[in-house]
Each structure stands twice: as C-alpha cells, then as structure tokens.
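Asker: Quick one, fold the following:
(chains A and B, ligands or ions: 3)
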Amino acid sequence: MAKITFITSDNETIVAEADSGSVMELAVANSVSGIDGDCGGVCSCATCHVHVDPDHVSKTGEASEIEADMLELADNYNERSRLCCQIEVSDKLDGVVLHVAN
Amino acid sequence: MSEMNKSEFPDPFEKAREERGFGEVNDQNDPVKMLLRLKDVRKTAHNWKTFQSGAEPGRIVVPSEVNIRDTRQIPFEVDPPEHKGYRDLVEPWFKRPLEAEYQEKLTEIISGVIDEALEQEEVEVVEDFSLKLQSRALTLLLNIPYEESEVWIGWGKHVFRSEDTDLDADKANILYDYLDKQIDKAMENPGEDLYSVLLNSEVDGRKLTKEEVKGVMILTFAGGRDTVINAVTNSIAYFAEHPKSLQRLAAEPEIIGKAVEELVRYFAPLTHMGRVVTEDTQVCEHAVKADSRVSLCWASANRDAKVFENPNEVVIDRKVNPHVSFGFGTHNCLGATHARQILAILCKVLAEKVGSMEITSADENIEDWDEFKRKVGFDSINVKFNKK
Ligand code: HEM
Ligand code: HEM
Ligand code: FES
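Answerer: Ligands and ions are numbered 1, 2, ... in the order given. From the prediction side, this is the model:
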C-alpha cells in the first residue's frame, strides 16, 4: 500500500492510498482538483500534470522521452514536472508528495 | 469471403513527412503549408502568437470559408487572451458528459440505434446509424428535446455541401437561418438549453451578443457533425473486420478507454486545421511568410514513427498514445468529452449486444489535398449486424 499526498494549486491537501493503478486514476477517484485525466491515461492530454517534490524524484523516477516532449509545452512546466498517468502506483511511491500544476 | 481491408486507413503522408516534414495544398489561391511531424504540429499549435486562429473568419479552415461566411466561430477563431474568457464560459457545460445521468441517457440512445440496426437485414451505416446516433446524442449535449434530432437527421449527411461544389453558401445558410430562429425562440422563452445558458452569460462583464451566441452554436453543429459521424462509422468498419477485438472488449471492458483513444488516433476524423502566420518565421527549417497559411496535420502527426510503434496498426490497448486527433494546446477540442463518451459507450454496447458484423459494400470518402489523397471515412457503407 502506498500513501500519496496531493497538494492542489489552491493549497488543499488530499491524502490517498492505493496499491495498483496509475497515480492519475487515484487522483481522479479522489476528486483532486486540477487532475482531469481526459485521455484516460495514455499520455495524450496533459490534464494530469504534477510537480514532484524535489526530495521524492527517486520514488517516481524520471519522465520518458515521449512524456517529456508532452510536458515541455504544458502550462506551468518546470524540471519537476510529470504526467501522473505515467506513474504506476507501487510500494516505492509510499510517502510521495505531488503538487498539482494547474 | 471478402478481403479484410475496408477498415484500413492508409497513411498518405509518410514519404513527405519523413523527407521534408511538410506538404503543400493550393486552396483558392491561398496556399497552405501542411505540417506533418508530431513535434512540429505540437509546437506550432502551442505558439498561438505566431500562428493565429483569430484571423479573418473562415480563413483557418481548409478549404477556406472566407467567401461563404462572416460569422466568427467562438472560441475556435479567437486567440488568447480573449479566447480564455469564452472557453472558461463554455467549458463546464461541455464537461457534462462526465455525469452519470448523462451517460445513462447516452447509453439509451446508443442502445436504441444498435437495436434498430440488429432488427434490419442490412444498414447503410453513415445515414442510418452514425448520423442518427450523432444527432440524437447532440440533443443531450445541447440539452434540448430528443425530437429535435429529427430535423437535423432530415438535413442529411451534407449540411454544407451540394452535389457539384464543396463550398455552398446557400447550404451553409440553412444552418445559419436555423440557428437564428432557435436563438430568437430561446430569447422569448428561456429554458435550460445551451442557447438560453449562453444568452444569459457574460464575458468581461457584458452579456454575449446574439452574433456571439451563434458563433458558439455553429461549432457544435459544424465541428461535431462529420467528425463524430466518421469516428462512429469507421469504428463499425473496424469491428466488423476485427471480431476478436470486440470479443476482447467484452471480456476486458477496462481497456475500452484505451481502445477509444487508439481508434481516434488511427482514424483522425479531422485531417488538419489551419493557422495564419503573423510574422516571417520558420517551420521545420523552412521559411514561411507573414500572412501566409500553415496547417496542423493531425492525421499525419498520429502516424509519426518517431513516436508511435507500428503506427499503421490499430493496437487496441495501446498504452502510451500521445495522439493529436483532438488537437493540442489552446484550441484542443471542446467536444472531446462528449465524443469520447459516445465512442466508449458505443464500444461497450456493441461488445454486449453484437456477435458479428459483415460489410457487404462500401464507398470510400477520399479527401483530395493535392499531392495527398486521404481516406477519412465512407460516403456509404452497408453492414449486416448479427445478434450475440
Ligand atoms: C471524434 C470527434 C471529434 C474530433 C476528432 C474533433 C477534432 C477537433 C480538433 C482537431 C480540434 C482543434 C482545432 C484547432 O486546433 O484549430 C477541435 C476543436 C474544436 N472542436 Fe472538435 N472534434 C470532435 C468532436 C467535436 C464535438 C462533438 C464538438 C461539439 C459538439 C466539437 C467542438 C469543437 C470546438 C468548439 C472546437 C474549438 C475549441 C477552441 O477553439 O477552443 N468537436 N476539434
Ligand atoms: C460554419 C462553420 C463551418 C462550415 C460552414 C463548414 C463547412 C464544411 C464543408 C463545406 C464541408 C464539406 C462538405 C461535407 O462533407 O458536408 C465540411 C466538412 C467537414 N468539416 Fe466543416 N465547416 C465548418 C466548421 C468546421 C469546424 C470548426 C470543424 C472542426 C473543428 C469542421 C470539421 C469538418 C470535418 C471533419 C468535415 C468532414 C470531412 C468529410 O468527411 O468530408 N468544420 N465542413
Ligand atoms: S491523463 Fe491524459 S496525459 Fe495523463
């Protein structure tokens, strides 16, 4: 089981738990505002954009090249950006803090 | 047995995309440079300052509609920052397809169309399946009585085109006159439909004008008609020739979301959309002049082998699928939530009710973009639907 913390752009904190699926699916199931997941998680819409807390990049890993190309043109892009539909939930993620970008 | 190829949609852009990155179409002496690579399409869509949508109304559409209309389509032909005001206004309304009640009603509509098809010996899918489905579903999106769909179905497949010409001002006027009447009706008798909601809403502290309301409404008809009809028709053709995929969706409904994205990627119901260049600049290392036109070729970008493995195959559960069938950036498709729900429910109900489908004859709709001839759908396609 991984405990994941989302902090929305208006500073609401939502803590959610899961053991499978993508982080985007978890966020949508918990109505995290700013995560819409329009494309259902295939890396095509960028409505699941988060910033990973700098200390936690080791938990999430880095974006793939395809994901990075999407992110580069997204609003509020920075070097900590990820599309959270591309992050699979696993024990490794436990304790991660994600800031919703939009 | 007929060969399995009616549901194949070849990629006419491959050579030009790999060799040059662009193609050229002449259109009423206002040529268009088509951008063919995914990266260039995205970058150009992103850069709305240099590649604008808010040009003379009709000019970003190919073939250009400057000679047949003056009404500016909203938010489609408006650039930031004004774009945002309009878009924010309509966005929540166009997200209603995410509500459970909307999805239930849409399921009823789609089940109804499929039941009708199962009853018949054979169905011409474009007119008697997709046009009906699209029109009935649009009553939900606009929140108006179901019966109104009869009027739109009566217009036939080609609201805008007559037999001999692609651009027909008289035909476009059918839609404009219809919308004028509906707006007047909603002004006299406000209800809970999209017309009334728009008439009642404000941008920048002032009410929308009648002309602006018309500019928004026209898009729900123009942008959401052929695109949805082609997406639905082509999906039927695909499942007719790939019964295993349909069986798989019945067994694993959780992949339907991915299947929808993949079908939309592969079919790219809208081939391309233009932009007007505002300053001398370069695209894919090629000079383009101020006041010329480029287009973002979604259909080509979706087959870019730099990004998509096996781009010319439908991989029904494709996991990473950064397609641009719904556009990219500022003007990404406002109707995408509705279109995605239509296709997802179509997949679900087909998988539940239909055992097999058989194409008996088909007439392809081939778009002519000078050096590129692209199959975008069918003028007509006859299919037998068999119960499960
Ligand atoms: C499978 C079906 C559809 C496809 C493939 C599709 C495709 C597209 C594409 C590629 C764009 C971007 C145009 C650009 O960048 O200039 C777009 C924009 C748009 N579409 Fe769709 N569309 C579909 C269905 C619909 C539906 C059902 C509606 C409404 C009823 C709709 C309304 C719009 C509007 C209003 C815009 C402009 C948005 C803006 O400028 O902010 N579309 N569509
Ligand atoms: C007032 C607005 C518009 C007018 C008058 C118009 C006019 C036309 C005409 C003349 C055709 C070809 C005839 C036909 O197949 O019926 C057509 C087809 C089409 N239009 Fe538009 N258009 C408008 C806006 C749009 C917009 C905004 C979009 C997309 C965002 C769009 C997408 C399409 C597509 C996908 C086709 C189908 C191509 C085919 O299957 O042959 N249209 N439109
Ligand atoms: S949900 Fe669409 S890109 Fe992540």
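Asker: could you dump stretch A:57-77 to CSV, C-alpha only?
Answerer: Provided in CSV are the C-alpha atoms of stretch A:57-77 (Å, rounded to 0.1, in the frame of the first residue of the first chain):
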residue,chain,number,x,y,z
VAL,A,57,12.1,12.1,-7.5
SER,A,58,13.9,8.9,-6.6
LYS,A,59,10.4,7.4,-5.8
THR,A,60,8.7,8.4,-9.0
GLY,A,61,11.6,8.1,-11.5
GLU,A,62,12.1,10.3,-14.5
ALA,A,63,9.7,11.0,-17.4
SER,A,64,10.2,9.0,-20.6
GLU,A,65,11.1,10.9,-23.7
ILE,A,66,7.6,10.8,-25.1
GLU,A,67,6.2,12.2,-21.8
ALA,A,68,8.9,14.8,-21.6
ASP,A,69,8.0,16.0,-25.1
MET,A,70,4.4,16.5,-24.0
LEU,A,71,5.4,18.3,-20.8
GLU,A,72,7.8,20.7,-22.5
LEU,A,73,4.8,22.5,-24.0
ALA,A,74,2.4,22.2,-21.0
ASP,A,75,1.4,25.2,-18.9
ASN,A,76,3.4,25.6,-15.7
TYR,A,77,6.1,23.3,-16.9
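Asker: near ligand 3, which residues of chain A show up?
Answerer: Taking C-beta under 6 Å from any ligand atom as the contact definition, chain A meets ligand 3 at A:24, A:37-39, A:41, A:43-48, A:83, A:85. Yep, even glycine has a C-beta here, placed from its N, CA and C like the rest.
Asker: What distance do you get for the most centrally placed residue in chain A to chain B?
Answerer: Closest residue to the average C-alpha location of chain A: A:Cys84 at 3.0 Å, with C-alpha atoms, centre = their mean. A:Cys84 is 14 Å from chain B, where distance means C-beta to the nearest C-beta, to the nearest Å.
Asker: For the nearest residue to that residue once chain neighbours are set aside, give me its contacts.
Answerer: Counting by C-beta to C-beta, 6 or more residues apart in numbering or on different chains, A:Cys84 lies nearest to A:Val23, which is 4.0 Å off, once chain neighbours are set aside. A:Val23 makes contacts with A:4, A:48, A:50, A:84-85, A:87-89, A:93, A:98, as judged by C-beta atoms under 8 Å, 6 or more residues apart in numbering or on different chains.
Asker: Among those, name the buried ones.
Answerer: A:4, A:48, A:50, A:84-85, A:87, A:89, A:93, A:98 (16 or more other C-beta atoms under 10 Å in any protein chain shown).
Asker: Just the closest of those to A:Thr60, please.
Answerer: When the buried ones among the contacts of A:Val23 are compared for distance to A:Thr60 (C-beta to C-beta), A:Ile87 wins out at 5.4 Å.
Asker: didn't that closest one look like it was pressed against A:Ser81?
Answerer: No: when contacts are counted by C-beta atoms under 8 Å, A:Ile87 is not listed as touching A:Ser81 (11.8 Å).
Asker: Tell me the buried residues in stretch B:243-255?
Answerer: B:245-246, B:248-250, B:255.
Asker: How far away from the center of its chain is that stretch?
Answerer: Centroid separation for stretch B:243-255 versus its chain: 25 Å, with C-alpha atoms, centre = their mean, to the nearest Å.
Asker: Show me the contact partners of that stretch.
Answerer: With C-beta under 8 Å, 6+ apart, stretch B:243-255 has contacts from B:238-239, B:256, B:259, B:314, B:316-317, B:347-348, B:350-352, B:354, B:356-357.
Asker: Which of those ranks first by neighbour count?
Answerer: Sorting those by how many neighbours each has (other C-beta atoms under 10 Å in any protein chain shown) puts B:Ala259 first, at 28 neighbours.
Asker: Is it correct that that residue is in contact with B:Asp317?
Answerer: Yes: using C-beta under 8 Å, B:Ala259 is in contact with B:Asp317, at 6.9 Å.
Asker: Is it possible to get TSV of the contacts of A:Val23 that adds distance to B:Asp177, pLDDT and secondary structure?
Answerer: Putting the contacts of A:Val23 into TSV (distance: C-beta to C-beta, whole Å; pLDDT from 0 to 100; DSSP: H, G, I helix; E, B strand; the rest coil) gives the following:
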residue	distance to B:Asp177	pLDDT	secondary structure
A:Ile4	54	97	strand
A:Cys48	43	98	coil
A:Val50	48	98	strand
A:Cys84	48	98	helix
A:Cys85	45	98	helix
A:Ile87	52	97	coil
A:Glu88	54	95	strand
A:Val89	54	96	coil
A:Leu93	57	95	helix
A:Leu98	52	97	strand
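Asker: want to throw the residues you listed into JSON lines with distance to B:Asp280?
Answerer: Output for those, formatted as JSON lines (distance: C-beta to C-beta, whole Å):
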{"residue": "A:Ile4", "distance to B:Asp280": "48"}
{"residue": "A:Cys48", "distance to B:Asp280": "37"}
{"residue": "A:Val50", "distance to B:Asp280": "38"}
{"residue": "A:Cys84", "distance to B:Asp280": "40"}
{"residue": "A:Cys85", "distance to B:Asp280": "39"}
{"residue": "A:Ile87", "distance to B:Asp280": "42"}
{"residue": "A:Glu88", "distance to B:Asp280": "46"}
{"residue": "A:Val89", "distance to B:Asp280": "49"}
{"residue": "A:Leu93", "distance to B:Asp280": "49"}
{"residue": "A:Leu98", "distance to B:Asp280": "42"}
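Asker: out of these, what pair is the most spread apart?
Answerer: A:Cys48 and A:Leu93, at 15.0 Å, using C-beta to C-beta across the contacts of A:Val23.
Asker: give me the residue from chain B nearest ligand 3.
Answerer: Nearest residue of chain B to ligand 3 (C-beta to the nearest ligand atom) works out as B:Pro322 at 7.6 Å.
Asker: Checking my notes, that residue in a strand, right?
Answerer: No: counting by DSSP: H, G, I helix; E, B strand; the rest coil, B:Pro322 is not part of a strand but coil.
Asker: What about it, how many residues nearby?
Answerer: 25.
Asker: can you give me phi and psi for B:Glu202?
Answerer: Main-chain torsions, B:Glu202, degrees, to the nearest 10: phi -120, psi 140.
Asker: do the same with the one 4 residues further on
Answerer: For B:Arg206, the backbone dihedrals (degrees, to the nearest 10) come out as phi -130, psi 150.
Asker: re earlier: now, which of the contacts of stretch B:243-255 sits nearest chain A?
Answerer: B:Ile256 (8.8 Å; C-beta to the nearest C-beta).
Asker: can you map out the helices along chain A?
Answerer: A:23-29, A:57-60, A:65-72 (DSSP state H).
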